[in-house]
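Asker: Structure for the following, please:
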Amino acid sequence: MSNSDPKTRQRPGPWPPAPDSAAMPPSSWAKKTGFKPKFSGETTASDSGQISLPPRPREPEAKPDLEAGRARAQPPANGEAQAEMPPPPSIKDQTVKKRKDSDGVPKSSVPSTNGQATVAPAAAPVDQPSQPRRTTRHEEVIDVLPQTVDDDGFVSRHSHMKYELRDSPGLVPIGLYGLQHYISILGSLILVPLVIVPAMGGTQEDTAMVVSTVLFTSGVTTLLHTNFGSRLPLIQGPSFVFLAPALAIINSPEFQGLNGNKFKHIMKELQGAIIIGSAFQAFLGYSGLMSLLCRLINPVVVAPTIAAVGLSFYSYGFPLVGTCVEIGAVQILVVIVFSLYLRKISVLGHRMFLIYAVPLGLAITWLAAFMLTEAGAYNYKGCDINIPASNMVLEHCRKHVSRMKHCRVDTSHALKSSPWFRFPYPLQWGTPVFHWKMALVMCVVSLISSVDSVGSYHASSLLVASRPPTPGVLSRGIGLEGLSSVLAGLWGSGTGSTTLTENVHTIAVTKMGSRRAVELGAIILIVLSLVGKVGGFFASIPEVMVAGLLCFMWAMLTALGLSNLRYSEAGSSRNIIIVGLSLFFSLSIPAYFQQYGISPNSNLSVPSYFQPYVVTSHGPFHTKYGGLNYALNTLFSLHMVVAFLVAVILDNTVPGSKQERGVYVWSEAEAARREPAVTKDYELPFRVGRVFRWVKWT
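Answerer: Numbers count the residues shown, from 1 in each chain. Here you go, the predicted model:
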């Protein structure tokens, strides 16, 4: 029992030696930005007009004094003195998962608001109940007590994670969680090559080879990123950010008349553009310029930019689903039911339907389509799917050729023709071809990809790491992503390699933030990429199912982009106008470029869902420099580029407070020397960091 006299009561200790400079408090990164988390139930009204609901009445419970590490007793009504008694430890506090030697704090200590350790007080007698103390307005409890977690785990800090960044529970659990992590984002890994390879005129065998290459490069670049990049458990893969510019290059007028080996020719052009654009991204990272650019990139900029990536493919999604609506629409509905209506159902402690909504929906719909095909639902008398439509004599065969092509599941021979073993190797499609006009487009897209990665670093660090990454870690991660994209260009995956935004949602849902699990999953992915039948299996997915999955994936990407607004004042009229203008002009201005100079009766030689990307030949820019016309017409037809330009100009010119804008000043560069948590989470392995210590910005 503690003494109420402050002079005679036992003080906690002993304290560790004080560092040269004051250690950064656990939540100082939020204080520096002016961000005030409203997790403790206080009622506040911001300057931008946000209104918070009054707190609901709660049962009285003992709350710790954040300064003294004990309960503060309620003064009695008669004014008599009453000794302060420490509260009994609550069950919730006892079950909090402690960090493993990350902060240098003993296990018997409790974190306090000043970043120091406080010895846990002894339990109080049962007959001495303590009264709750009202939390002050500016009191931050996010780093002290575990908070309430929402359905998707986006609200609270990392205390609710099953496995944190440096946890290694064992080989079997790590392997299972790593495999689960990759299966949950399977759509993000395989859907991009399933779109671009047929657009380049590639065969089913080419699609299988590109899928295997994507799996191989994703595994290799993920290992590089988790060891020498940001060191966060983020999967690298073919981002949708590169899809629109790739389609614009594929549908360039100079490629429309190619016959024969069209696929390899376009692939070499794509490789050259990706290599140069990725080298530019690596220069941004390792030179430290990305740290300067990040001062212009805030949540109000990231949100509409990433949302525009998902919204830009509306012309591809359902128009292709409509070619076999009974399969494509069912695909979408099944995924929606799993991810929304059945998301809270747990099987063996895992939310199976929420985590595996995409692969489960694909399996069920694929099985249903197989049964319809075997039952003869798409057999038409006298019609053969192997005969080209132009050679069909019967009228009803020409009428149903589209349904036979898109609804049947036995039209693909990718699985049968794929070898059992195939090793992806660099320059497998030939020597890359470099054109500055295509490289310029990819350089700008690499900048957009870096913006996407900055948002992913920030969101994932709030879930699994002790602090946001420092400017050096940020530059290091972007630089390594550029090198990873160079490798993807050399191997010929068709797109660059960047952090998958969907990965953050997977971490929040599965509550698995272990770096080792992602690394072991990457090794498994590399092994699977060497089995040619795996690539052939994914390449045999019917096109209409790919479109159905993409409708869900692009909708998720749009929502994940807009979710970055939670770091800012989402109800601010300033932010509402900026985001609204950015999203509207990201759709309207590209539509002007895409429709400029096209007559209503024009008959383009590409499918209708690719027509928005045939813009270089008829865009409004017509100067005497053909390459400049190509670059400008292409860039302004890309929705994400327009959204980024509008958002970054408005957000950095319209006045607004730091909290309103969501300006997060990353941890100080000196924080890694003062705080063990930052050092342990982000330091390079094998003492590589000592070699590059002279490079202050990395």
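
Asker: what mean pLDDT would you report for the longest helix along the chain?
Answerer: With secondary structure taken from DSSP state H, the chain has its longest helix at helix 436-464. Across helix 436-464, the average pLDDT comes to 88.

Asker: in it, what counts as buried?
Answerer: Across helix 436-464, burial judged by 16 or more other Cβ atoms under 10 Å covers 437-464. Yep, even glycine has a C-beta here, placed from its N, CA and C like the rest.

Asker: Excluding chain neighbours, what is closest to Arg515?
Answerer: The shortest distance from Arg515 to any non-neighbouring residue, by Cβ to Cβ, 6 or more residues apart in numbering, is to Pro233 (4.9 Å).

Asker: now the one you found, what's its secondary structure?
Answerer: Secondary structure state of Pro233, per DSSP: H, G, I helix; E, B strand; the rest coil, is coil.

Asker: List the residues that contact it.
Answerer: For Pro233, the contacting residues are Leu165, Thr226, Ser460, Val464, Asn503, Ile507, Met512, Gly513, Ser514, Arg515, Ala517, Val518, by Cβ atoms under 8 Å, 6 or more residues apart in numbering.

Asker: Check Gly430 too.
Answerer: Counting by Cβ under 8 Å, 6+ apart, Gly430 has contacts Lys264, Met267, Lys268.

Asker: Let's see if you can find the most crowded of those.
Answerer: Met267 (26 neighbours; other Cβ atoms under 10 Å).

Asker: For that residue, give me its contacts.
Answerer: Met200, Trp429, Gly430, Gly492, Gly494.

Asker: that older thread, of the contacts of Pro233, just the buried ones, PyMOL syntax please.
Answerer: Here is the PyMOL command that selects the buried residues among those (16+ other Cβ under 10 Å):
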select buried, resi 165+226+460+464+503+507+512+513+514+515+517+518
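
Asker: Residue ranges in the stretch 401-550 of the chain under the pLDDT threshold?
Answerer: 465-466 (pLDDT under 70).

Asker: hey, where'd the strands end up in it?
Answerer: All strands of the stretch 401-550 of the chain, identified by DSSP state E, counting those that start in this stretch, fall at 497-499.

Asker: Sketch out the helices for it, chain order is fine.
Answerer: 414-417, 436-464, 471-491, 502-510, 515-529, 532-539, 543-562 (DSSP state H, counting those that start in this stretch).

Asker: what's around the closest residue to Phe593 other than its chain neighbours, how many residues?
Answerer: Leaving aside its sequence neighbours, Phe593 sits nearest to Ser637 (Cβ to Cβ, 6+ apart; 4.3 Å). Using other Cβ under 10 Å, Ser637 has 27 other residues around it.

Asker: Verify the contact between Ser637 and Val614 for me.
Answerer: No. Applying Cβ atoms under 8 Å, one finds Ser637 not in contact with Val614, separated by 9.5 Å.

Asker: sorry, back to before: just confirm the residue nearest to Phe593 is within a strand.
Answerer: No. Under three-state DSSP, Ser637 sits outside any strand and is assigned coil.

Asker: can you give me phi and psi for it?
Answerer: Here is the backbone geometry of Ser637 (degrees, to the nearest 10): phi -90, psi 0.

Asker: again, but for Val347
Answerer: phi -120, psi 110.

Asker: swap in Val409?
Answerer: phi -110, psi 0.

Asker: Tell me which residues touch it, please.
Answerer: Trp366, Ala369, Phe370, Thr373, Ser540, Pro542.

Asker: Same check on Thr203?
Answerer: Here Thr203 is in contact with Phe263 (Cβ under 8 Å, 6+ apart).

Asker: quick thing: my sequence starts at 522, can you match it?
Answerer: That works, and once the first residue is 522, the last one we named lands at Thr724.

Asker: Would you mark the buried spots in the host helix or strand of Thr742?
Answerer: Element membership for Thr742, per DSSP states H and E: helix 725-749. Neighbour-count burial for helix 725-749, counted by 16+ other Cβ under 10 Å, picks out 725-747, 749.

Asker: Could I get the full set of helices for the stretch 672-821 of the chain?
Answerer: 692-705, 707-720, 725-749, 764-771, 774-777, 783-807, 810-814, 820-832.

Asker: Can you add mean pLDDT and distance to Asn1154 and give the ones you listed back as a markdown table?
Answerer: Formatted as a markdown table, these follow (pLDDT from 0 to 100; distance: least, Cβ to Cβ, whole Å):
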| stretch | mean pLDDT | distance to Asn1154 |
| --- | --- | --- |
| helix 692-705 | 82 | 38 |
| helix 707-720 | 88 | 19 |
| helix 725-749 | 92 | 27 |
| helix 764-771 | 89 | 9 |
| helix 774-777 | 78 | 11 |
| helix 783-807 | 92 | 16 |
| helix 810-814 | 86 | 25 |
| helix 820-832 | 92 | 18 |
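
Asker: In TSV, list those helices along with distance to Gly1092.
Answerer: Listed next are the helices of the stretch 672-821 of the chain as TSV, based on distance: least, Cβ to Cβ, whole Å:
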stretch	distance to Gly1092
helix 692-705	32
helix 707-720	31
helix 725-749	35
helix 764-771	31
helix 774-777	47
helix 783-807	33
helix 810-814	28
helix 820-832	13
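
Asker: Looking at those, spot the one closest to Gln1116.
Answerer: Closest to Gln1116 of those, according to Cβ to Cβ: helix 764-771, at 15.1 Å.

Asker: who touches that closest one?
Answerer: Against helix 764-771 from outside (Cβ under 8 Å, 6+ apart): 713, 716-717, 720-721, 787, 790-791, 794, 830, 833-834, 959, 962-963, 966, 1015-1016, 1131, 1134, 1136-1137, 1155, 1158-1161.

Asker: at 7 Å instead, please
Answerer: With Cβ atoms under 7 Å, 6 or more residues apart in numbering as the contact definition, helix 764-771 has outside contacts at 713, 716-717, 720-721, 787, 790-791, 794, 833, 959, 962-963, 966, 1015-1016, 1131, 1134, 1136, 1155, 1158-1159.
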